[in-house]
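# Output the structure for:
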Amino acid sequence: MNTIENIRKLARMNIKTIVLPEYDDKRVIEAAHIIEQEALANVLVLTPEMINRAEKDRYIEEYYKLYASKDIDLDKVKKLFSDTLYYAAMMTHEGKADGLVGGASHTTADMARACIRCIGSQERFNITSSCFIMSVPNCIYGDKGTFIFADCGVIPDPNARQLSCIALACAELASKVLNLTPRIAFLSYSTKGSAKTKSAEKIAEALAQLKTQSPSLLVDGEMQADAAIVSDVAKIKCPDSPINGQANVLIFPNLEAGNISYKLVQRLSGARALGPLFLGLNKPASDLSRGCFVEDIVDCVAVTAIRAQ
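So this is what the prediction gives:
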């Protein structure tokens with residue numbers, strides 16, 4: 001069974017309600033029909049007619065009180081809530097939906113802002129980041145072509161603590177959604193000090209922090225991509241590495257590297273790229289590329305449903 005089939009199977013085991021705020025996108029409507037037919041989730045396509053006026057007013061008031069100190073006025077809040085996205089995010093926050101998927105017609109910045117402000121970040125992470133599940137066809141690396149790439153969508157230049165939190169969140173996702181033992185590599189353009197830079201120092205600090213947080217994790221860094229995923233290269237460049245060139249979770253040093261890499265892998269290899277999946281929120285939420293296909297929406301809903309189980 002391949003990665004996508006397994007994700008759909010797991011979603012069916014415990015049906016959750018996922019809200020889709022982009023009611024006017026044809027891809028979303030088509031995806032909702034498929035999700036219902038395959039019984040992957042109870043999907044709620046949130047149209048303006050479904051919004052309760054009194055509840056919307058309450059959400060606006062709550063949001064305004066929460067962020068009044070940030071110089072946001074009531075008119076601006078009302079404008080935000082003219083978009084179904086913010087209503088959907090507040091529904092998810094309150095537990096009226098188990099998760100949220102959007103981004104077919106919203107930017108990642110719009111999605112991240114709504115989810116962070118309405119759903120909120122978990123205290124143990126105190127940051128929101130993102131990852132992609134990559135399923136690469138006919139690939140011998142990772143777990144038969146399955147990887148997690150992070151962060152590819154949210155944090156431009158993560159510091160050591162943030163890198164550590166991103167890696168830990170990805171490890172938990174790998175275990176829960178993919179049923180994989182995470183093998184984490186902090187990527188760089190150098191391997192084990194072959195270049196002396198501030199970036200390498202940052203990664204070394206992130207590695208130390210993660211080992212302190214979760215000593216049982218298989219993790220290593222800093223390392224070049226080939227040393228992370230090719231065993232023969234790892235034997236040469238880092239023979240004592242605990243991941244032995246078999247990484248399935250790749251943590252990139254910054255957003256540029258992560259975003260460029262996932263798009264190259266997706267387009268050059270025909271890989272499926274599910275995400276960005278937001279990490280560190282109080283409730284699961286997933287973004288979509290505005291160039292997404294119907295099947296991407298279906299599978300992001302399935303992943304979000306599993307995370308809500």
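# At the geometric centre of the protein, which residue do we find?
Leu277 (2.1 Å; Cα atoms, centre = their mean).
# pretty sure that one is touching Asp299, no?
No. The pair Leu277 and Asp299 does not pass the contact test of Cβ atoms under 8 Å, sitting 10.7 Å apart. C-beta here means a position set from N, CA and C on the backbone, and glycine is covered the same way.
# pLDDT weak spots in the stretch 51-200 of the chain?
194-195 (pLDDT under 70).
# Now do Tyr59 against Val298, distance only.
28 Å (Cβ to Cβ, to the nearest Å).
# just Leu80 next, same as before
Distance, Leu80 to Val298, using Cβ to Cβ: 28 Å.
# between those two, who's got more neighbours?
Val298 (26 against 22; other Cβ atoms under 10 Å).
# OK, contacts around that one?
Counting by Cβ atoms under 8 Å, 6 or more residues apart in numbering, Val298 touches 31, 34-35, 38, 40.
# Which among the residues you listed count as buried?
The neighbour count (16 or more other Cβ atoms under 10 Å) marks 31, 35, 40 as buried among these.
# any idea which of those residues is closest to Asp157?
Nearest to Asp157 among the buried ones among the contacts of Val298: Ala31, at 33.7 Å, using Cβ to Cβ.
# for the helix or strand harbouring Ala167, which positions count as buried?
Per DSSP states H and E: Ala167 is located in helix 160-177. Residues of helix 160-177 classed as buried by neighbour count (16+ other Cβ under 10 Å): 160-171, 173-174, 177.
# Which SSE is immediately downstream of it?
With elements assigned by DSSP H and E, the helix or strand that comes after helix 160-177 is strand 183-187.
# who touches that next one?
Counting by Cβ under 8 Å, 6+ apart, residues outside strand 183-187 touching it are 163, 167, 170-171, 203, 206-207, 210, 217-225, 228-229, 243, 246-253, 257.
# now do stretch 20-34
Outside of stretch 20-34, the residues within contact range by Cβ under 8 Å, 6+ apart are 43-48, 83-85, 87-88, 100-106, 292-295, 297-298, 301.
# rerun that using 6 Å as the cut-off
By Cβ atoms under 6 Å, 6 or more residues apart in numbering, the surrounding residues in contact with stretch 20-34 are 43, 45-47, 84-85, 88, 101-102, 104-105, 294, 297-298.
# same thing with stretch 133-152?
Identification of contacts with stretch 133-152 by Cβ under 6 Å, 6+ apart yields 3, 129-132, 166, 170, 174, 180, 229, 248-251, 258-259, 262, 269-274.
# do that again at 7 Å, thanks
Outside stretch 133-152, the residues within contact range by Cβ atoms under 7 Å, 6 or more residues apart in numbering are 3-4, 129-132, 158, 166, 170, 173-174, 178, 180, 229-230, 248-252, 255, 258-259, 261-262, 265, 269-277, 303.
# go on, stretch 165-176?
Here stretch 165-176 makes contact (Cβ under 7 Å, 6+ apart) with 125, 127, 129, 131, 148, 150-151, 158, 180, 182, 184, 210, 213-214, 217, 219, 248-249, 251, 279-280, 306-307.
# one more time with 8 Å, if that's ok
Where contact means Cβ under 8 Å, 6+ apart, the residues beyond stretch 165-176 that reach it are 125-127, 129, 131, 148, 150-151, 155, 158, 180-182, 184, 186, 206, 210, 213-214, 217, 219, 248-249, 251, 277, 279-280, 306-307.
# ok, of these, which come out buried?
125, 127, 129, 131, 148, 150-151, 155, 158, 180, 182, 184, 186, 206, 210, 214, 217, 219, 248-249, 251, 277, 279-280, 306-307.
# Restricted to strands, list those.
Using DSSP state E, the members of those that fall in strands are 129, 131, 148, 150, 184, 186, 219, 249, 251, 277, 279.
# what's the closest non-adjacent residue to the second one?
The shortest distance from Cys131 to any non-neighbouring residue, by Cβ to Cβ, 6 or more residues apart in numbering, is to Ala150 (3.7 Å).
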